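# Okay, here's the prediction I keep looking at, along with the sequence it came from:
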Amino acid sequence: MNMLQKRVYIETYGCQMNEHDSERILRLLEASLYSETKEAREADLILINTCSVREKPEHKVYSALGRFKRLKEEKGAIIGVAGCVAQQEGERLLNRVPYLDMVIGTHAIPLIPQLLERVEAYGERVCEIEFDQTGEYLKPPLLPRPLVKVKSYVTIMQGCDHFCSFCIVPYVRGRERSRPSREVLEEVGQLAELGVKEVCLLGQNVNGYGKGLEGELDFSTLLHRINEIEAIERIRFTTSHPADLSDSLINDFSELEKLCEHIHLPFQSGSDRILKAMHRGYTKASYLERIDRLKEVCPSIAITADVIVGFPGEEEEDFKETLNLMERVRFDDLFSFKYSPRKGTRAAQFQNRVEEKVKQEWLAILQQVQKEITFQKNLALEGKKQEVLVEGRSKQSDQDVTGRTRSNKIVNFPGDMNLVGKLVPVKIMKAFAHSLRGEMTSPTYTLSNSSSGNNP
Ligand code: SAM
Ligand code: SF4
């Protein structure tokens, strides 16, 4: 390690967007001679990349700050908070936590080196939470070479204009803003040159891509362009909003050979009354109509979603509608949350709160139902051949590698590290609750000489 080199430790809460932001921060800090450490006690700089979308991750921030106080006292580490909580709390956070040095809002990531310099050189305590109107904040920092990664996120838009009544995102990430397609395509091209095989296009509402940018491509056309980039073998995206899921995007699942057969389509509730109060802009029937259309166009599609239980005013009947929707769709997996009021959102004002005990009960029922469905879905793959993109060594065994099917299911199978970055055919031998076990069936092959990844 260079004598001048310093260490940064980042703790990340929340969604893929935050994980990706943390990666961007690390790349930016490389230019300021910081390298990553996985141990907070070795760090000269400790950053907590926060999430305030739900109550649980928000609370974690304060307990993490408590843990790091000692490192500040003993080692003089610089401590910063980034992400949604930083955006929301701003100066209040500096006042509340006297040993905190930096508050970095969601649009301020590119400013981190300058902010850090002010802390390091002048001992200032800094807070930057302005929303950037130029879109500069969406630009990724230069990519390091070599980048030894199989898959990568690519931000195509940020923010949200939907204003669902329970959600803090439009307040902490700002309004929808897309990156110009020229930049996105350039980044995907560079990633491909660096060996990335799979890209996942990120945005709170990817269907809204291009809105507000004169003459810009729409999301479906952007997918078509990325599909033409030769060295990219797989494309995914997240998240799409059910109310904006166009026919052309649905058709892409049969037209674009690189677009993986998986969609994450949060439904939040199966009750029309609750969907209306949530301001989601669709009904149970119209959600199911979109699902039917997806299954018609792409019968092997895996569908995952988010759901909330215990929204204000939700009654037993509403909850049953949610269970009914789950049974109708039979999701491959479901991310389920108890409603938590978020300061500043409309639903936080609603009076008819659901008791915590009831929320807990409903969540447990829902998760049990889903657990069974997920397992059945995994079981149905036993004996089938799946295309797996190998990502690395399996956590469970040194003899195994791990990767994902096109439908985004984790598969572990015996193999060596030479397979990393390759698409291989694997026969599924055993299904578990959250993963599959398999065996490679023939020598390595690439997409260009294989017909389909989901052949039985
Ligand atoms: N943009 C996506 C969409 O429209 O579905 C999701 C964005 S949000 C970051 C991720 C998930 O968090 C949501 O789908 C929702 O299920 C959950 N969530 C958001 N606000 C919540 C709240 N106040 N209480 C509980 N869950 C919440
Ligand atoms: Fe939040 Fe709704 Fe926007 Fe998703 S669509 S980020 S849930 S406001």
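Received it, and whenever you're ready, just let me know what you need. Ligands and ions are numbered 1, 2, ... in the order given.

# which residues are in contact with the longest helix seen in the chain?
Criterion DSSP state H: the longest helix present in the chain is helix 356-379. With contact meaning C-beta atoms under 8 Å, 6 or more residues apart in numbering, helix 356-379 is reached by 302, 307, 309-310, 319, 322-323, 326-327, 330-334, 336-339, 409, 431-436. Yep, even glycine has a C-beta here, placed from its N, CA and C like the rest.

# any idea of the mean pLDDT for that helix?
On average, the pLDDT along helix 356-379 is 98.

# list the buried ones in it?
Of the residues in helix 356-379, those buried by neighbour count under the rule 16 or more other C-beta atoms under 10 Å are V358, K359, W362, L363, L366, Q370, I373, T374, K377, N378.

# what's the distance between the second one and G344?
In this structure, K359 lies at 21 Å from G344, with C-beta to C-beta, to the nearest Å as the measure.

# what does the first one give?
Relative to G344, V358 is positioned 25 Å away (criterion: C-beta to C-beta).

# what about the helices in this protein?
So, for the chain - with DSSP H - the helices run 16-30, 55-75, 84-89, 91-96, 112-122, 169-172, 181-193, 219-227, 247-255, 272-278, 284-297, 316-329, 356-379.

# Need the contact partners of the fourth one.
With C-beta under 8 Å, 6+ apart as the test, helix 91-96 has contacts from V81, V85, A86, E89, L100, V103, R125, C127.

# next one: the second one
Helix 55-75 is contacted by residues 11, 13-14, 40-41, 43-44, 46, 48, 50-52, 77, 79, 81, 85, 97, 99-100, 340 when judged by C-beta under 8 Å, 6+ apart.

# about what we covered before: just the buried residues from the contacts of helix 356-379, in PyMOL please.
Under the burial definition 16+ other C-beta under 10 Å, those of those that qualify are selected in PyMOL by:
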select buried, resi 302+307+309+310+319+322+323+326+331+332+333+334+336+337+338+339+409+431+435+436
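
# Return only those of the contacts of helix 356-379 found close to ligand 1.
F337, Y339 (C-beta under 6 Å from any ligand atom).

# I'd like to know how far the residue nearest the centre of the chain sits from ligand 1.
Within the chain, the residue whose C-alpha comes closest to the C-alpha centroid is Q16; the distance, by C-alpha atoms, centre = their mean, is 2.4 Å. In this view, Q16 and ligand 1 are 10 Å apart by C-beta to the nearest ligand atom, to the nearest Å.

# quick one, what contacts that residue?
Counting by C-beta under 8 Å, 6+ apart, Q16 makes contact with Y153, C200, L202, T238.

# The same query, at a cut-off of 10 Å, please.
Residues counted as contacts of Q16 (C-beta atoms under 10 Å, 6 or more residues apart in numbering) are Y153, T155, C200, L202, T238, T239, H264.

# ok, what's across the strand from the fifth one?
By that I understand T238. Legend: beta-bridge partners of T238 under DSSP bridges are L202.

# and the nearest residue to L381 once chain neighbours are set aside, what pLDDT?
If you skip the residues right next to it in sequence, L381 has I428 as its closest partner in space, 4.6 Å away by C-beta to C-beta, 6 or more residues apart in numbering. Per-residue confidence for I428 comes out at a pLDDT of 97.

# Ok, Y137 next?
76.

# That one and ligand 1: what is the separation?
Per C-beta to the nearest ligand atom, Y137 is found 18 Å from ligand 1.

# still on that earlier bit, ligand 2: which of the helices of the chain is closest?
Across the helices of the chain, ligand 2 has its closest neighbour in helix 169-172 (3.7 Å, C-beta to the nearest ligand atom).

# What ranges in this protein fall below the confidence cut-off?
Along the chain, the parts satisfying pLDDT under 70 run over 1-4, 141-148, 443-456.

# Near ligand 2, which residues of it are found?
C160, H162, F163, C164, C167, V169, P170, Q204, N205, H241.

# neighbours of G212, just the number please.
Residues contacting G212 under the criterion other C-beta atoms under 10 Å number 13.

# Over to the one 4 residues further on?
Neighbour count of E216, defined by other C-beta under 10 Å: 16.

# For the residue nearest to D400 when sequence neighbours are not counted, which residues are in contact?
Using C-beta to C-beta, 6+ apart and skipping the chain neighbours, the partner closest in space to D400 is S394 (3.7 Å). Applying C-beta under 10 Å, 6+ apart to S394 gives the contacts D400, V401, T402, G403, I410, V411, N412, F413, P414, G415, S435, R437.
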